[in-house]
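**Student:** Here is a sequence together with a model predicted from it:
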Amino acid sequence: MSIEGSTRDLTFSQAINNALRLEMRRDPTVIVMGEDVAGAAGRAHLGLSDAWGGPLRATRGLIREFGPQRVIDTPISEMGFVGAAVGAAMTGLRPVVEIMFADLIGCCYDQIINQAAKMHYMMGGQVDLPLVIRTAYGMHGFKRSYGGGAAAQHSQTLYAVLAHVPGLKVVVPTTAYNAKGLTIAAIRDNGPVVVMEHKFLGSAAKGPVPEGEYTVPIGKAEVVRRGSDVTLCGIGRMTHVCLEAAETLAGRGMSAEVVDVLTLAPLDEATILESVSHTHCLVVVDEDTPTASMARDIAARVADKGFDSLDAPIKTVTAPEAPVPFAAVLEARYAPRAADVVAAVEGLFNSMD
């Protein structure tokens, strides 16, 4: 990644806020909808009308600049406001709708998979659906040693459920830079795009972000660390875990290349296969549970199209086949850690001896 021009350090959430603000200034058809995106009218008497801005604070302050006609607090009804956003997109607006937590897609799955994803095809291509769905996924608790304790209904990683659906694009940013670029690209896309934002990265992933407009291409992975012995393929926060594991492996004489997937649908198979073609080994790291996961999908694609490049079986490192636990000490052990990735790589190399 090369960053040119004037920049400033932003958190992941601030970068998304900046993307929304720039696009709303550029295009008056861009609107924002969701629960508490404006701060909730009930807080107005406290002078905190824009102090909330959703779980990642990514819409904070937008209400002051763009007003309630374009920053719309909705009732607690995902089925209702996602359906309304689909209709708004069909009629020429470009809604950015926030579902607070990915777990809540169950409340509006019909609107997403049977309306948003299918409408362009059902209308013979005569209707575009420029809709962005933003949602927070993953476990809360990485700032404290024992996790956040948000439990099973607010901590799931459900991007595989969405990436499975034809007609949807699904992106998973990992840094402040690509969070802004992917959000802008999603808003400008003429089809439905789901932007999955990890809760921990909201404040943790801080870095230099260009002041102006730019896009990060949807459908393109990025090699974020070069290596020669093994490819570590990371999704979302797991890319940072892969980078941490790569540092540990380097100290043990093993060179790991790290691929940041960034887009799950459409998946950039070419970049992953190219990496495996010169490392000859692959470990895929995914915070989701293993059955029908993106980790296993990527592994299957590489086994199918890159088998001749492999010197060892593909390994996947995932969460266990269980709901996210409430107990903080268990939550802290639920998601893959760098130590788990290192162990998988060492096990892979030992199997080759």
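**Tutor:** Noted; the coordinates are in hand.
**Student:** From the contact counts, what lies against the biggest strand by length in the chain?
**Tutor:** Residue-count comparison of every strand in the chain, with assignments taken from DSSP state E, identifies strand 94-101 as the longest. Contacts of strand 94-101 with other secondary structure elements, assessed using 3 or more C-beta pairs under 8 Å, 6 or more residues apart in numbering; DSSP states H and E, are made with strand 30-34, helix 78-90, strand 132-137. Glycine gets a C-beta too; all of them are placed from N, C-alpha and C.
**Student:** can you tell me which of the ones you listed comes nearest to residue 224?
**Tutor:** strand 132-137 (20.3 Å; C-beta to C-beta).
**Student:** For residue 97, see how far away residue 294 is.
**Tutor:** Remark: distance between residue 294 and residue 97 (C-beta to C-beta, to the nearest Å) = 23 Å.
**Student:** thinking again about what came up before, dump the longest strand of the chain to PDB, keeping only the CA atoms.
**Tutor:** Once side chains and other backbone atoms are set aside, the C-alpha atoms of strand 94-101 remain, and they are given as PDB (Å, rounded to 0.1, in the frame of the first residue of the first chain):
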ATOM      1  CA  ARG A  94     -27.900   5.600  -2.400                       C
ATOM      2  CA  PRO A  95     -28.700   4.500   1.100                       C
ATOM      3  CA  VAL A  96     -26.000   3.500   3.600                       C
ATOM      4  CA  VAL A  97     -27.900   1.400   6.200                       C
ATOM      5  CA  GLU A  98     -26.400   0.400   9.500                       C
ATOM      6  CA  ILE A  99     -27.300  -2.900  11.100                       C
ATOM      7  CA  MET A 100     -25.800  -2.500  14.600                       C
ATOM      8  CA  PHE A 101     -24.500  -6.000  14.900                       C
END
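**Student:** Just give me how far that strand sits from the chain centre.
**Tutor:** Remark: strand 94-101 is offset 14 Å from the chain centroid, using C-alpha atoms, centre = their mean, to the nearest Å.
**Student:** Tell me which helix or strand comes right after the lowest-mean-pLDDT helix or strand in the chain.
**Tutor:** For the chain, using mean pLDDT, DSSP states H and E, the weakest element among its helices and strands is helix 201-204, scoring a mean of 76. Downstream of helix 201-204, the first helix or strand assigned by DSSP states H and E is strand 207-210.
**Student:** name the helices or strands packed onto the very next helix or strand once past that next one?
**Tutor:** Moving toward the C-terminus from strand 207-210, the next helix or strand (DSSP H and E) is strand 222-225. Under the contact criterion of 3+ C-beta pairs under 8 Å, 6+ apart, strand 222-225 touches helix 237-251, strand 256-260, helix 269-279.
**Student:** List the buried residues for the first one?
**Tutor:** So the one you mean is helix 237-251. Buried residues in helix 237-251, defined by neighbour count with 16 or more other C-beta atoms under 10 Å: 237, 238, 239, 240, 241, 242, 243, 244, 245, 246, 249.
**Student:** and of the residues you listed, the nearest to residue 280?
**Tutor:** Where the buried residues of helix 237-251 are concerned, and distances follow C-beta to C-beta, residue 280 has its nearest neighbour in residue 249, at 15.4 Å.
**Student:** how much space between the closest one and residue 222?
**Tutor:** 20 Å.
**Student:** Please apply the same query to residue 92.
**Tutor:** In this structure, residue 92 lies at 33 Å from residue 222, with C-beta to C-beta as the measure.
**Student:** The longest strand of the chain pairs with which strands, and in what direction?
**Tutor:** According to DSSP bridges, strand 94-101 has the following sheet partners: strand 30-34 (parallel), strand 132-137 (parallel).
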